[in-house]
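Student: this is a predicted model, with the sequence first.
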Amino acid sequence: MFFFLSKTLNILLNPLVWILVLLLLALLNRYRRKFYLTTATLTFLILSNPFISNLFMGWLEYPQKPVEKAYKIGVVLTGMIDPFVKTEQQVAFSGGADRFTETLRLYHLGYIEKILISGGSGLLLDKNFSESPQLGELAAILGVLPGDLILESNSRNTYENAKFTSPILKELSGNEEVLLITSAFHMRRAVACFRKQGINVVPYPVDFRSSKVVVDYNLWIPGSGAIDGWKIIVKELAGMVAYKMAGYT
């Protein structure tokens with residue numbers, strides 16, 4: 001039920017939906033039309049502003065931390081393949097590809113001995129789609145030894161990532177520290193989930209979306225990238241609250 005609600009409520013968390021609702025209310029209610037149009041305009045100007053979006057994204061993201069020692073296991077969370085792009089013999093990465101590429105870099109540099117890829121289908125209707133097997137095949141092609149690769153393909157959200165990998169991690173490494181690799185904006189919730197399961201994780205955030213502020217005219221020009229940023233911010237904040245209420249963190 002939690003998974004179903006989380007996926008359906010995502011529609012209401014989309015900032016573009018907020019603006020659309022305000023515009024529809026302006027069409028339907030002539031007595032408050034000016035109020036709804038003004039609110040819709042202000043909402044659009046704020047949410048499409050790159051400076052404001054970048055500021056909040058930087059606040060949400062877990063700070064970057066260099067690797068200071070080698071770890072037995074690096075756990076990488078999926079959510080980086082676009083399930084709606086159909087390709088032959090290719091992996092269609094979305095915006096989170098850094099999760100995979102940075103994990104491979106750490107492996108080949110000797111910072112992690114084994115890679116555990118956690119994640120199956122995050123889709124509400126298509127349970128057959130699974131990310132970890134696809135990423136496992138690609139990792140093998142790119143030089144990860146079979147004995148160094150562990151796949152967990154049943155989890156469908158962050159809570160299940162932690163729940164389903166915790167027995168594997170406890171068996172392989174006991175209470176040793178493991179490196180947790182996921183997007184910087186997602187790291188706080190992920191760390192809380194894994195530590196709730198008794199896993200001693202060290203955060204290694206990747207896929208940073210915020211950037212250094214450069215003062216120029218582009219700061220004030222509305223952009224679709226800013227709205228995309230707010231979609232991530234709102235969804236992640238809502239997820240943090242929901243997970244706390246559900247006892248997952």
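Tutor: That came through, no problem. Numbers count the residues shown, from 1 in each chain.
Student: residue contacts, G147?
Tutor: K114 (CB atoms under 8 Å, 6 or more residues apart in numbering). All C-beta spots, glycine's among them, are computed from the backbone N, C-alpha and C.
Student: so what's it scoring on pLDDT?
Tutor: On pLDDT, G147 comes in at 94.
Student: what about the strands in this protein?
Tutor: 71-77, 112-118, 149-152, 178-183, 201-206 (DSSP state E).
Student: list the residues that contact P63.
Tutor: Applying CB under 8 Å, 6+ apart, the residues contacting P63 are P205.
Student: mind checking pLDDT for it?
Tutor: For P63, the model assigns a pLDDT of 94.
Student: now G229
Tutor: For G229, the predicted pLDDT is 93.
Student: ditto for the one 10 residues further on
Tutor: Taken from the predicted model, the pLDDT recorded for G239 is 91.
Student: for K34, same thing?
Tutor: 92.
Student: ditto for F164
Tutor: 96.
Student: which parts of the protein are helices?
Tutor: For the chain, applying DSSP state H gives helices covering 2-9, 15-28, 33-47, 50-60, 98-108, 131-141, 158-173, 187-196, 224-246.
Student: hmm, who's touching the longest one?
Tutor: Helix 224-246 has contacts (CB under 8 Å, 6+ apart) with 2, 6, 9-10, 13-16, 47-50, 52-54, 56-57, 60, 158-159, 185-186, 188-189, 192-193, 209, 249.
Student: 7 Å instead, please
Tutor: With contact meaning CB atoms under 7 Å, 6 or more residues apart in numbering, helix 224-246 is reached by 2, 6, 10, 13-16, 47-50, 53, 56-57, 60, 159, 185-186, 188-189, 193, 209, 249.
Student: selection in PyMOL covering whichever of those are buried, please.
Tutor: Selection of buried members from the contacts of helix 224-246 for PyMOL, criterion 16 or more other CB atoms under 10 Å:
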select buried, resi 6+10+13+15+16+47+48+49+50+53+56+57+60+159+185+186+188+189+193+209+249
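Student: now the farthest one out in this structure, which residue is it?
Tutor: For the chain, the largest distance from the centre (CA atoms, centre = their mean) belongs to Y31, which lies 41.7 Å off.
Student: ranking the helices of the chain by burial, who's on top?
Tutor: Comparing the helices of the chain by mean neighbour count (mean count of other CB atoms under 10 Å), helix 187-196 comes out on top with a mean of 21.
Student: average pLDDT for it?
Tutor: Helix 187-196 shows a mean pLDDT of 96.
Student: may I have it as PDB, with CA atoms only?
Tutor: Taking Å, rounded to 0.1, in the frame of the first residue of the first chain, the C-alpha atoms of helix 187-196 are listed here in PDB:
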ATOM      1  CA  MET A 187      21.700  10.300   0.300                       C
ATOM      2  CA  ARG A 188      20.100  11.600   3.600                       C
ATOM      3  CA  ARG A 189      17.100   9.400   3.300                       C
ATOM      4  CA  ALA A 190      19.200   6.400   2.100                       C
ATOM      5  CA  VAL A 191      21.600   6.700   5.000                       C
ATOM      6  CA  ALA A 192      18.700   6.900   7.500                       C
ATOM      7  CA  CYS A 193      17.100   3.700   6.000                       C
ATOM      8  CA  PHE A 194      20.300   1.700   6.100                       C
ATOM      9  CA  ARG A 195      21.200   2.700   9.600                       C
ATOM     10  CA  LYS A 196      17.700   1.900  10.700                       C
END
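Student: packing partners for that helix?
Tutor: The contact analysis (3 or more CB pairs under 7 Å, 6 or more residues apart in numbering; DSSP states H and E) places helix 187-196 against helix 158-173, strand 178-183, strand 201-206, helix 224-246.
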